[in-house]
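[1] Build me a structure from this.
(chains A and B)
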Amino acid sequence: MRHETITQADIRWLDDPEVFRVNELPAHSDHRFYQSQREAQQGHSSYVQTLNGDWRFAYAKDPMSRQADFYQADYDTSNFDTIRVPGLIEFAGYNKIHYINTLYPWEGKEFRRPAYTMGPDQKEPGMFSEGKDNHVGAYVKKFTLAPALANHSVRIRFEGVETAMYAWLNGHFLGYAEDSFTPHEFDLTPYLTDGENTLAVEVFNRSTASFLEDQDMFRFFGIFRDVSLIAQPAVHLEDLAIKPTVNDDFQSGRLTVDAEFSGQQAGVVAHLSVADAAGNQLYETSSSADGDVRLTDTPFEKVHLWDNDDPYLYQLTITLTDQTGQVLEVVPYQFGFRRIEINQDKVIVLNGKRLIIKGVNRHEWDAESGRVVTMADMQQDIATFKKNNINAVRTCHYPDHISWYYLCDTNGIYMMAENNLESHGTWQKLGAVEPSYNVPGSVPQWQAAVLDRAKNNYETFKNHTSILFWSLGNESYAGDDIEAMNHYYKQVDPSRLVHYEGVFHNPKYKPTISDVESRMYATPAEIEDYLKDNPQKPFLLCEYMHDMGNSIGGMKSYMDLLDKYPMYQGGFIWDFIDQAVAVKDEVTGQKVLRYGGDFDDRVSDYEFSGDGLMFADRTEKPAMQEVRYYYGKY
Amino acid sequence: MANTNQLKVIYGDGTLGVGGNDFHYIFSYSRSGLESLVIGGKEWLYREPKPTFWRATTDNDRGNGFSKKSIQWLGADMFIDAKSIEIKINDQPIAFPGAPVNNRYSNHEFADQVAITYHYETLTIPSTTVTVGYTITPDGAIKVAVHYAGKKDLPELPVFGMRFIMPTKAVGYDYDGLSGETYPDRMAGGIPGVYHVDGLPVAKYLVPEDNGVHMQTNWVAITRNSTKNNADSSTAPFSLKFEKIGQPFAFSALPYTAEELENATHIEELPLPRRTVVSILGAVRGVGGIDSWGADVEPQYHIPADQDIDFDFMIKRG
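    Predicted structure coming up:
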């Protein structure tokens, strides 16, 4: 689906909550595709050209002082610096590192009310486009297309950019994107040239999206995840929906695979095969690859179920061949059969057995690079989960690096896949619930933006077996807009449960938001009160056992609830790893870990950035043995 | 040699000396405690062991205001004096042997058992008392019995025990107890066993705070290989052992006092480690975990101030 292409960037989009994506390709499945089976086995696609590395960079303290025409193809960037992509602008030394919890990062410096929260005419022009605290990063990357990408349609993918970005190629406007933690793709094909191409990206520290990204974390900006050029063959599997279901006997199942193909070429055939984990071919079929196709809807008489103990995955492979039989594209995807539902006793069951969540909340963190995490970080985290009997993770409070979802599939980690949404500062002030300017709330002009976030999350990650719950966001209160997000997920994905905690503060939405009763930091006694009083929904703790410093005392009282109440389903410890930044101590020269307020950053919440089971250097805190014990016991 | 199975007692003008085979202890009258503990020629004390009441504020303590509620115990921890001292020889009380009463003794005084008890008064409102009794037998073993007199109207205690500050940093310690750092409300994951710890590690919580407590300990042996004695350049390791008598105890072995930890906002601000602070604990408050902004530690893991606390342990050659 193509909308009308916008050819001119407008900085005023930063002020407008109704503009959050311009010219972006629609969100789609995160499947990887390769030119051959051999490439697929090696995990390296010649259709992909990385743009990670050194880019040219200019920093401006505000929009007014930026080099506004830097994107032009012939712009002289000889006075630009060099910056590493992916990387955060703060870690490159341009902007102050800043940690703050619930208050907005401009607290005490700028007075802001989200557009339309004070009335239908409150448009707030200039709030961000002329914001004195709206720092700007101008990135330029010159590239020549690798031969393997030549003569194909080519898109660019940004996997994560905080907080709002504009992009141009060779002076032509590509598009605009918010939602910092999901991929943004733009079609480059019309503007590519044979020789050197000039990509320009302008990243703004703040926009209306800032109101939706008030997570309890260090506040950064920049291109912090991978950037790639991706070529598509003449016909390409644009989107893929793998829908394995398990029958009531928990022995057999069905597999439905829906595909959406882009490109047009007669005679292209999609071959679908399914193999078990040992590589035995179980099923094969072929059909024409043209438009939207249901590739298969087939029964499996015997299925090996997926769960934490036995994360058994089947191998789906879709191969596109042209009319001469030549392979255009190979798409491998591993999937599992598992069934998550709420049973007649109002208990969440996985494959018919009560689900017990022995979880953690996990921010993406690396003390050396902030929210730029490496594959090694992720693999180490999975190993830590396994060692300590952690079976579930909440992607607090935004979608994670794509590789993390694959790792959770293969390692049997139950995911609560959370949207990039937290608007804490709009409804809670000095601890009191005060939603006078809450967004998204029920403000109509904010609804499309949060629905887009829900869609980005769903469309990108829908094929991951590990995801049992979609989470609408964190601590954003509740209103019509979050209700609409709930409705969206129910509509597109009846196979999973929807989670949201914020409805606790606005209970009138309880019937229409969240399949589960979710709380954070409820005491064991409060949980019992709920469970003894005709509970309507199964109960889980999306955050509990706040592991700030020397903590995790009294865990037994929570674990005992598992023995007493089937509808108590466990929870996610807050949280997995301290957010602290490795720096060289100015006095001793030693490498030390610093927290909020240590960078002259004000207003701050200081050491509240460190609540992990792991220290920021990824060594275990002493309390981990307690978690290992209790999580191993259930 | 005569009398090697008896203790030699030196009735000093300011101290009571108690010696034996390769050990010598000196109890100070003016400094409110055991001033010197020498075994095998090595001094084990930097300053006199005193009762300890304070733990460096944890994040949860700060969040729920416990440090403010219990602040009197910080003062009591930093400043405490004995108001009286009692001495028993062979289990018989004697008149306090200060000058000139001690003129009746000689340089050849021996005993089968020497006991000295310090009666401390806390600088709290109201004040309460702590008695610490040391009983020495000819094998050099010291039995330490500690009694806290419960008192109404005092705030709950952060911790209660005896703090021993050793002159140099230990090279490590061994103990028979639970694995890892444990607290009363966080010890289910501790696995019983005998453990060796290299050095005196401080758990690197972002803000230095109470850490390193080991619950349910049968014994702990501290090993050093250096002294402050300018005439002793040996680096051979030597050890001192704290051993349970009846109930197991809790302990921590750190290079810092609670006050030193309390004052730092980052690990790197702590002083260079140069001593060993061993706290033998009779009562430990839980750390809590429900949240870090108000939730209390569960009631069964509090230390009520209005109830007596008694604990005892042995000090021995390691």
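[2] neighbouring contacts of stretch A:28-36?
    Stretch A:28-36 has contacts (Cβ atoms under 8 Å, 6 or more residues apart in numbering or on different chains) with A:40, A:43-47, A:148, A:183, A:233, A:236-241, A:260, A:327, A:329-333, A:402, A:405, A:459-463. For every residue, glycine as well, the C-beta is placed using N, CA and C.
[3] Any quick PyMOL command for the buried ones out of the residues you listed?
    Buried residues among these (16 or more other Cβ atoms under 10 Å in any protein chain shown), as a PyMOL selection:
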select buried, chain A and resi 40+45+47+183+233+236+237+238+239+240+241+260+327+329+330+331+332+333+402+405+459+460+461+462+463
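[4] Mind checking which of the contacts of stretch A:28-36 land in helices?
    Mapping these onto helices (DSSP state H) picks out A:40, A:402, A:405, A:459-461.
[5] Tell me the one of these nearest A:D121?
    Nearest to A:D121, judged by Cβ to Cβ, of the ones in helices among the contacts of stretch A:28-36 is A:E459 at 34.3 Å.
[6] State the distance from that closest one to B:F27.
    Distance from A:E459 to B:F27, counting by Cβ to Cβ, to the nearest Å: 77 Å.
[7] And A:N438, by the same measure?
    A:N438 sits 68 Å away from B:F27, taking Cβ to Cβ as the criterion.
[8] Between the two, point out the one with more neighbours.
    A:N438 (28 against 25; other Cβ atoms under 10 Å in any protein chain shown).
[9] show me the contacts for the residue nearest to that one when sequence neighbours are not counted.
    The shortest distance from A:N438 to any non-neighbouring residue, by Cβ to Cβ, 6 or more residues apart in numbering or on different chains, is to A:W427 (4.2 Å). A:W427 makes contacts with A:433-435, A:438, A:441, A:476-477, A:505, as judged by Cβ under 8 Å, 6+ apart.
[10] Any residues of the stretch 51-200 of chain B in contact with chain A? List them.
    Within the stretch 51-200 of chain B, the positions near chain A by Cβ under 8 Å from any Cβ of the partner chain are B:58-60, B:63, B:179-181, B:183-191.
[11] Residue 259: what's it in contact with?
    Let's take chain A. A:A259 neighbours (Cβ under 8 Å, 6+ apart): A:237, A:239-241, A:270, A:289, A:292-295, A:318.
[12] Not quite, go with chain B.
    Here B:E259 is in contact with B:54, B:56, B:74, B:77-78 (Cβ under 8 Å, 6+ apart).
[13] can you give me the offset of whichever strand or helix holds it from its chain's centre?
    Using DSSP states H and E, B:E259 sits in helix B:258-263. Distance of helix B:258-263 from the chain centroid (Cα atoms, centre = their mean, to the nearest Å) equals 17 Å.
[14] May I have that helix as PDB, with CA atoms only?
    Extracted C-alpha coordinates of helix B:258-263, given in PDB (Å, rounded to 0.1, in the frame of the first residue of the first chain):
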ATOM      1  CA  ALA B 258      29.000   1.600  58.600                       C
ATOM      2  CA  GLU B 259      29.800   5.300  58.900                       C
ATOM      3  CA  GLU B 260      32.400   5.200  56.200                       C
ATOM      4  CA  LEU B 261      29.900   3.500  53.900                       C
ATOM      5  CA  GLU B 262      27.200   5.900  54.900                       C
ATOM      6  CA  ASN B 263      29.100   8.900  53.800                       C
END
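[15] distance of A:T319 from A:P435?
    On the measure of Cβ to Cβ, A:T319 and A:P435 end up 52 Å apart.
[16] no wait, B:K143
    64 Å.
[17] Ok, A:K387 next?
    A:K387 is 42 Å from A:P435, by Cβ to Cβ.
[18] Between the two, which is the more surrounded one?
    Shown here are A:K387 and A:P435; by other Cβ under 10 Å, A:P435 has more neighbours (19 against 11).
[19] is it true that the more buried one touches A:G441?
    Yes. The pair A:P435 / A:G441 is scored as a contact, 6.7 Å apart, by Cβ atoms under 8 Å.
[20] what do those two both touch?
    A:426-427, A:477.
[21] burial of the closest residue to chain B within the stretch 101-250 of chain A, as a residue count?
    Nearest residue of the stretch 101-250 of chain A to chain B (Cβ to the nearest Cβ) works out as A:N101 at 10.4 Å. The number of residues packed near A:N101 is 17, by other Cβ under 10 Å.
[22] Quick one: residues contacting it.
    So A:N101 contacts A:216, A:424, A:605, A:608 (Cβ under 8 Å, 6+ apart).
[23] Check the first one and give its pLDDT.
    Model confidence at A:D216, expressed as pLDDT, equals 97.
[24] That one contacts A:Q428, correct?
    No. At 11.7 Å, A:D216 and A:Q428 do not qualify as touching, with contact defined as Cβ under 8 Å.
[25] Neighbour count for these two, which is higher?
    Taking neighbours as other Cβ under 10 Å, A:D216 and A:Q428 compare with A:D216 leading, 22 against 19.
[26] quick one: pLDDT of the nearest residue to the more buried one once chain neighbours are set aside?
    In space, and not counting its chain neighbours, A:D216 is closest to A:N101: 4.6 Å by Cβ to Cβ, 6+ apart. A:N101 is assigned 97 on the pLDDT scale.
[27] mind checking how far the most centrally placed residue in chain A is from B:F311?
    Of all residues in chain A, the one closest to the mean position by Cα atoms, centre = their mean is A:P399, 1.2 Å from it. To B:F311, A:P399 is 53 Å away according to Cβ to Cβ.
[28] where along the stretch 301-450 of chain A do the strands fall?
    Secondary structure of the stretch 301-450 of chain A (DSSP state E, counting those that start in this stretch): strands located at A:314-321, A:327-335, A:340-342, A:348-350, A:353-354, A:357-361, A:392-394, A:414-418, A:428-429, A:432-433.
[29] Now do the third one: everything it contacts.
    Okay, so that is strand A:340-342. A:348-350, A:355, A:468-469, A:495-497, A:515-516, A:537-538.
[30] Could you restrict those residues to the ones contacting chain B?
    Within these, nothing lies near chain B by Cβ under 8 Å from any Cβ.
[31] Of those, which pair is most distant in space?
    A:S495 and A:K537 (18.3 Å).
[32] What ranges does chain A have for its helices?
    A:37-42, A:209-212, A:375-387, A:402-411, A:447-461, A:480-492, A:524-532, A:555-564, A:624-633.
[33] Show me where the chain dips below the pLDDT cut-off.
    I'll assume chain A. Counting by pLDDT under 70, chain A shows low-confidence ranges at A:1-3.
[34] look at chain B instead
    B:1-4.
[35] and the gap between A:A266 and A:D290?
    Taking Cβ to Cβ, one finds A:A266 at 9 Å from A:D290.
[36] So which of the two has more stuff around it?
    Shown here are A:A266 and A:D290; by other Cβ under 10 Å, A:D290 has more neighbours (16 against 9).
[37] list the contacts for the residue nearest to that one when sequence neighbours are not counted?
    By the measure of Cβ to Cβ, 6+ apart, the closest residue to A:D290 outside its immediate chain neighbours is A:F261, 6.4 Å from it. A:F261 makes contact with A:235-238, A:268, A:270, A:289-293, A:320, according to Cβ under 8 Å, 6+ apart.
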